[in-house]
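# turn this into a model:
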Amino acid sequence: MGLGGRLVLPWRCLVALSLRLLFLVPAGVPVRSGDATFPKAMDNVTVRQGESATLRCSVDNRVTRVAWLNRSSILYAGNDKWCLDPRVVLLSNTKTQYSIQIQDVDVYDEGPYTCSVQTDNHPKTSRVHLIVQAVGFVSEDEYLEITGITREQSGEYECTASNDVAAPVIRRVKVTVNYPPYISDAKSTGVPVGQKGILQCEASAVPAAEFQWYKDDKRLVQGQKGVKVESKAFFSRLTFFNVSEQDYGNYTCVASNKLGNTNVSIILYEISEPTSSTLFQEETTTALTPWKGPGAVHDGNNGTSRRDGCIWLLPLLLLHLLLKF
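Now for the predicted structure:
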C-alpha cells in the first residue's frame, strides 16, 4: 500500500490483467476509429487430434505491439512466451504476419483464440476458433466400434432396441479409458523468507497418478522437517511452513502410473515483503526504468519504459467497463 492508501500494482500484473480483460471483449464490437476490420485473423481452423494447428494474424507496419491469447491466459506477447506449454511455439513475427503454432493438439485445445494488436494508439482484436476433430464412431446395428479411442470418449453409452410390439429395451455400458498422466497445471511461486509457501501440480490420469517431488536430484518424503507432502488422486501439494533461504530453488513434480509418467519443473523463489517506503520508491522510479525481461512486449525501441509498454492496454480496461453498462 503506497502513500495515501493507494494500491500500487506491479506493471507486469497490469499487463496480464489488461490482456485478459481484452479477451473478454465480445467479438463484433466495433472499433470507433481506424480500420474496423484490422487486424484480420484467419477463419476457423480445423485440425485432427494429434496434428499441429497454425494460428495466423495479418498485420502491417502500423502495428507496434502484438499478442496471442487463449481462453484465460496470454500465450505470446511479441516475441516473449508467457505460457508454460512446450507445444505452443512462435512461427513468425514480421511486418505482415504474426503467427503461432500449437503442436500435437488435443480436444482440450479447442476453443477461441484472440489476436490483439496496438496500432495508431488504438488496441484492436480479432478471434479465430480452433476446432479439433477426434476419432469417429462406427455403428453397425448390434455393436458400436470406437476406433482409436481417446480419454475424452470415456463415459456411459446407451443402447436402445425397439419394435412395434413392446416398449423399447435400454441397456447402458460404461467405458473406462486408461491413459498415462499429463500435467494440466503447475505454477512457480514467490514467497518471502519466514512465510508459508506452497507448490502444487495437477495431473489427470487413469489409473490415478502417483506423485513424487524432487529438489535437484534429491527426493522429498513425507515427514521431512518443515515440509509436508500431500497427494490426492489428481494433484499433489508441497507445503513449506517456514520458508528459509535453503528452500528456494527448482523443484520437480513427477506424475506416473502403469502406462507412463510425466514431470514438470516448478521454482520456489524469494520475494520481499512490500513496505510503504519500497512501494513509494518503485512508484517514483517506474518512468525511469526500462522494462526488460520475460513477458515484456518488445517493439524494437531502446529505452521504452514500463509505463510506455503498458499504456496501450489501459483503454481496454475502460472499454470493458463501458460494455458492462
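
# what helix or strand does Val165 sit in?
Secondary structure assignment for Val165, by DSSP states H and E: no helix or strand.

# residues near it, how many?
Val165: 5 surrounding residues under other C-beta atoms under 10 Å. C-betas here are computed from N, CA, C, even on glycine.

# tell me the buried residues in stretch 113-133?
113-119, 122-128, 130, 132 (16 or more other C-beta atoms under 10 Å).

# out of the residues you listed, list just those in strands.
Counted as lying in strands by DSSP state E, out of the buried residues of stretch 113-133, are 113-119, 122-128, 130, 132.

# need the max-distance pair from the buried residues of stretch 113-133.
Distance extremes for these: the farthest pair is His122 and Val132 at 33.1 Å, using C-beta to C-beta.

# so where is the stretch 1-150 of the chain shaky, pLDDT-wise?
1-42, 136-142 (pLDDT under 70).

# what residue, apart from its backbone neighbours, is nearest Thr114 spatially?
For Thr114, ignoring the flanking residues on the chain, the nearest one in space by C-beta to C-beta, 6 or more residues apart in numbering is Leu69 at 4.6 Å.

# ok, the residue nearest to Val177 when sequence neighbours are not counted - contacts?
Excluding the flanking residues, the one nearest Val177 by C-beta to C-beta, 6+ apart is Ser154, at 4.1 Å. By C-beta atoms under 8 Å, 6 or more residues apart in numbering, the contact set of Ser154 is 175-177, 206.

# do a quick rundown of the helices in the stretch 101-250 of the chain.
Assigned helices in the stretch 101-250 of the chain: none (criterion: DSSP state H, counting those that start in this stretch).

# rewinding a little: tabulate the contacts of Ser154 (a markdown table), appending pLDDT.
As requested, the contacts of Ser154 are exported to a markdown table (pLDDT from 0 to 100):
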| residue | pLDDT |
| --- | --- |
| Val175 | 91 |
| Thr176 | 90 |
| Val177 | 90 |
| Val206 | 92 |
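
# next, format those residues as TSV and append neighbour count and distance to Gly226.
Putting the contacts of Ser154 into TSV (neighbours: other C-beta atoms under 10 Å; distance: C-beta to C-beta, whole Å) gives the following:
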residue	neighbour count	distance to Gly226
Val175	12	45
Thr176	9	40
Val177	13	40
Val206	15	34
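
# of those, closest to Ala53?
Distances from Ala53 to the contacts of Ser154, taken by C-beta to C-beta, are shortest for Val177, at 23.2 Å.

# pretty sure Lys196 sits against Asn242.
Yes. Assessed by C-beta atoms under 8 Å, Lys196 is found in contact with Asn242 at 7.4 Å.

# for Tyr109, grab the count of nearby residues.
Check again: residue 109 is Asp, not Tyr. Neighbourhood size, Asp109 [other C-beta under 10 Å]: 19.

# contacting residues for it?
Shown in contact with Asp109 (C-beta under 8 Å, 6+ apart): 53, 102, 130, 132.

# Thr239 versus the third one, what's the distance?
In other words, Leu130. Separation of Leu130 from Thr239 (C-beta to C-beta, to the nearest Å) stands at 37 Å.

# next: the first one.
Look at Ala53 and Thr239: by C-beta to C-beta, they are 38 Å apart.

# which of those two has more neighbours?
Set Ala53 next to Thr239 and count neighbours by other C-beta under 10 Å: Ala53 wins out with 22 against 14.

# show me the contacts for the more buried one.
45, 47, 101-102, 105, 109, 130, 132.

# show me which pair in those is furthest apart.
Of all the pairs that those form, the one spanning the most space (C-beta to C-beta) is Gln101 and Val132, at 14.3 Å.

# just flag the most distant two among the contacts of Asp109.
Farthest pair in those, by C-beta to C-beta: Ile102 and Val132, 9.7 Å.

# could you check the pLDDT of Phe325?
In this model, Phe325 is scored at 54, pLDDT.

# what about the closest residue to Ile271 other than its chain neighbours, how many residues nearby?
Computed as C-beta to C-beta, 6+ apart, the closest residue to Ile271 that is not its neighbour in sequence is Gly190, at 3.8 Å. Neighbour count of Gly190, defined by other C-beta under 10 Å: 12.
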